[in-house]
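> give me a 3D structure for the following:
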Amino acid sequence: MHLPGHDRQPQPAARHVKELPGLPLRTKAVQRIGRAIARALAEAGADVALNYTLGEAAAEAAAAEFRDLGVRAVTVRADVSREDEVEAMFAHTITAFGTLDILVNNAGLQQDAPVEAMTLEQWNRVIGVNLTGQFLCARAAVREFKRRGPRPKVSRALGKIICVSSVHEIIPWAGHVNYAASKGGVMLMMKTLAQELAADRIRVVGIAPGAIRTPINREAWETPEAYASLLKLVPYKRIGEPEDIAAAAAWLASDAADYITGTTLFVDGGMTLYPGFESGG
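Numbers count the residues shown, from 1 in each chain. Here you go, the predicted structure:
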């Protein structure tokens, strides 16, 4: 069962607008959460570069949808666990838009197994996409932010990086050791980058989704019985929607959140409140 609604990719690049300055690059932007974030950024006025690995037609359809909103949108195929493909993706985005101001680090996948049955390939693939991929994209974005320099008419920050993580950056998840380890790593990577880059006015923040309604976790919400079981983990008593994550991302990317860095915003309906203890344990 896949509660956080992952299987993500790279980010959008945005142009200057009143709420959301910058060119965002959005990794894995054709999945439900990724597409919702990309649309929220486009609605705020951001030009977007949409990353995908599979599903070129879906990526192009999303780009066309965003162009109808009056922004520029391009698609870029890249496996974020591969350094050469990440570098090519950023070069393509910078060529298309001149620079970028926002990175939404959204790539992620699951390959689940009990620890005794998990292969090294499963471990490496999940760590490679979920953690190494976020590092490679963040590094490329920081290099571009510093090369380009301040754009005070666009944003108060030199650049913004949003790392999409999971409630499993703090909640252990038996049978998913590679996934939980990758998300714990994302959390400390985000905090460390925020500490290192704050003096440069580069903001680095995290979003941790809880149970989000996506096709990949359909079995967790499709039937009334499954949905009732899922809600035992969610004090707010509803499943999250991709738009819940998108709204949080758009706000964090805007100057309204300019004094926020180095922290994770949990968008989880209270899943991290340990609902098993709600009646005294």
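> run through the helices of the stretch 101-250 of the chain in chain order.
All helices of the stretch 101-250 of the chain, identified by DSSP state H, counting those that start in this stretch, fall at 120-127, 133-148, 177-197, 224-231, 242-253.
> between those helices, which one is nearest to residue 270?
helix 224-231 (10.9 Å; C-beta to C-beta). C-beta here means a position set from N, CA and C on the backbone, and glycine is covered the same way.
> angle of the longest strand belonging to the chain against helix 133-148?
Using DSSP state E, we find that the single longest strand of the chain is strand 202-209. Angle, strand 202-209 to helix 133-148, by axes from the mean of the first three to the mean of the last three C-alpha atoms, to 10 degrees: 150 degrees.
> which helices and strands sit right next to strand 202-209?
helix 133-148, strand 159-164, helix 177-197, helix 242-253, strand 264-267 (3 or more C-beta pairs under 8 Å, 6 or more residues apart in numbering; DSSP states H and E).
> in TSV: the ones you listed, plus mean neighbour count and mean pLDDT.
Compiled in TSV, the helices and strands packed on strand 202-209 are given as follows (neighbours: other C-beta atoms under 10 Å; pLDDT from 0 to 100):
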stretch	mean neighbour count	mean pLDDT
helix 133-148	21	98
strand 159-164	28	98
helix 177-197	20	98
helix 242-253	23	98
strand 264-267	20	98
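> so which of those gets nearest residue 40?
helix 242-253 (3.8 Å).
> what does the closest one contact?
5, 14, 19-20, 22, 24, 32-33, 35-37, 39-41, 43-44, 46, 102, 104, 160, 162, 164, 205, 207, 209, 212-214, 257, 260, 265, 267 (C-beta atoms under 8 Å, 6 or more residues apart in numbering).
> hang on, the earlier thing: please save the CA atoms from the longest strand of the chain in PDB.
The C-alpha trace of strand 202-209 is given here as PDB (Å, rounded to 0.1, in the frame of the first residue of the first chain):
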ATOM      1  CA  ILE A 202      18.500  30.500  -1.200                       C
ATOM      2  CA  ARG A 203      15.500  29.000   0.600                       C
ATOM      3  CA  VAL A 204      15.300  25.200   0.900                       C
ATOM      4  CA  VAL A 205      12.100  23.600   2.400                       C
ATOM      5  CA  GLY A 206      10.300  20.300   2.400                       C
ATOM      6  CA  ILE A 207       6.700  19.100   1.900                       C
ATOM      7  CA  ALA A 208       5.700  15.800   3.500                       C
ATOM      8  CA  PRO A 209       2.500  14.400   2.000                       C
END
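> related to what we said a few turns ago, got JSON lines for the helices and strands packed on strand 202-209, with distance to residue 81 too?
Compiled in JSON lines, the helices and strands packed on strand 202-209 are given as follows (distance: least, C-beta to C-beta, whole Å):
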{"stretch": "helix 133-148", "distance to residue 81": "5"}
{"stretch": "strand 159-164", "distance to residue 81": "16"}
{"stretch": "helix 177-197", "distance to residue 81": "11"}
{"stretch": "helix 242-253", "distance to residue 81": "22"}
{"stretch": "strand 264-267", "distance to residue 81": "22"}
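> name the SS class of residue 81, please.
Using DSSP: H, G, I helix; E, B strand; the rest coil, the three-state assignment for residue 81 comes out as coil.
> number of residues surrounding it?
Neighbour count of residue 81, defined by other C-beta atoms under 10 Å: 21.
> can you get me a residue count around the nearest residue to it once chain neighbours are set aside?
Spatial nearest neighbour of residue 81, excluding adjacent residues (C-beta to C-beta, 6 or more residues apart in numbering): residue 128 at 3.6 Å. Using other C-beta under 10 Å, residue 128 has 18 neighbouring residues.
> touching, residue 128 and residue 85? I think so.
No - contact criterion C-beta atoms under 8 Å: residue 128 and residue 85 do not qualify, at 11.9 Å.
> any idea how far the residue nearest to residue 81 is from residue 178?
Plainly put, residue 128 is 10 Å away from residue 178 if you go by C-beta to C-beta, to the nearest Å.
> before we move on, what about residue 232?
25 Å.
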